[in-house]
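Peer 1: The following comprises the amino acid sequence and a computationally predicted model.
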Amino acid sequence: MSVYSLNPVGTTPALGRQLRLRRLLGADGRMMSVALDQAVPRGVAPRLADIKNTFNRIIEGEPDAFTVFKGIAGHLLWDNDVTVPLIIKGSTFCVDFHPTYDATVGNVHDAIRLGADALAIGISAGSENQVAMLEMMSATTEEAHKWGMPVICHAYPSGELWGDRKGSTESVVYAARAAAECGTDIVKTWYTGSAAEFKQVVDAVPTPVVAAGGAPAPKPINVLEQAAAVMEAGGVGMTCGRNIWQAEDPAKMVRALRAVVHDGVVPSEAVKLLD
Ligand SMILES: O=C(CO)COP(=O)(O)O
């Protein structure tokens, strides 16, 4: 036996990153996670004010992971036995006050201390602040990787410099690709409206891509259709916020989305799980 086969990777942080990604993406490489990080960016909606109750209702649906800021994690996890992987959000924009600038509010050390499986950071591509956002993302990713922590980038083409191209497939491709170019492990970005267009995003980004749920959909089945299109396009899942925590029954919504993402159940069947 070669001495090198005894412990081939030693204590490399690449192993920690790999194990954490395995917990997030599971055996099938897919992820249906819930974002509860919207009080600062969008205001303290009633379901976010009542975060403990909302969280417990979501967890009943067995999401693959959930995302919160560092100060909320203990509030939700200290006195219960939840084992769902935690993602710490390390930056945030605010639609009213700084829509295209993500303030840094957490780092890899917070994520490690809190037992998280990933650090999530956001960027606004195509904005006056793009330089600062790219520098922040790149530096944060480098530091996180030193400690074996995967990084999920919430890559949004929300910048004012896009003009009427903001939100176009071209802009989403650009934002998502920028995140991948800076070393991100998973890219989360806006859904582009159809499987064919989202495929352009997936095809241009050499890391797993998940879609945000986005603004509340007119009908619950629309969210399931969006998830199905993301999977058809080659995405690895969804990170949903408002369409889950504002749902009539958040646990049922998580289960229905899981059915689409993990089991390939068609939306017209998955919607029955909401009854
Ligand atoms: O990840 C998210 C927010 O950080 C997704 O939220 P929405 O699904 O509400 O867009």
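Peer 2: Structure received. Numbers count the residues shown, from 1 in each chain.
Peer 1: ok, which stretches of the stretch 101-250 of the chain are strands?
Peer 2: Taking DSSP state E, counting those that start in this stretch as the criterion, the stretch 101-250 of the chain carries its strands at 118-124, 151-156, 186-189, 209-212, 237-240.
Peer 1: and Gly163, which of the ones you listed is closest to it?
Peer 2: strand 118-124 (14.6 Å; CB to CB). Just so you know, the C-beta spots here come from the backbone N, C-alpha and C atoms, and that holds for glycine as well.
Peer 1: now the helices for the stretch 1-150 of the chain?
Peer 2: 13-25, 39-42, 46-49, 51-59, 70-77, 108-113, 130-146 (DSSP state H, counting those that start in this stretch).
Peer 1: Give me the most central residue, the chain.
Peer 2: Nearest to the centroid of the C-alpha atoms of the chain, with distances taken as CA atoms, centre = their mean, sits Thr239, at 4.6 Å.
Peer 1: Can you convert the strands of the stretch 101-250 of the chain into JSON lines and add a column each for distance to Pro220?
Peer 2: As requested, those are arranged in JSON lines below (distance: least, CB to CB, whole Å):
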{"stretch": "strand 118-124", "distance to Pro220": "25"}
{"stretch": "strand 151-156", "distance to Pro220": "23"}
{"stretch": "strand 186-189", "distance to Pro220": "21"}
{"stretch": "strand 209-212", "distance to Pro220": "16"}
{"stretch": "strand 237-240", "distance to Pro220": "11"}
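Peer 1: Quick one: those as TSV, columns for distance to the ligand and mean pLDDT too.
Peer 2: As requested, the strands of the stretch 101-250 of the chain are exported to TSV (distance: least, CB to the nearest ligand atom, whole Å; pLDDT from 0 to 100):
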stretch	distance to the ligand	mean pLDDT
strand 118-124	7	98
strand 151-156	5	98
strand 186-189	6	98
strand 209-212	4	98
strand 237-240	4	98
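Peer 1: For Ala27, which of those is the nearest?
Peer 2: Closest approach to Ala27 among those is made by strand 237-240 (13.3 Å; CB to CB).
Peer 1: List, one by one, the residues from this protein near the ligand.
Peer 2: Contact residues, the chain versus the ligand (CB under 6 Å from any ligand atom): 35, 37-38, 154, 188, 212-214, 239-243.
Peer 1: Drop anything exposed from those.
Peer 2: Buried by 16 or more other CB atoms under 10 Å: 35, 37-38, 154, 188, 212-213, 239-243, out of those.
Peer 1: Appreciated, that's everything.
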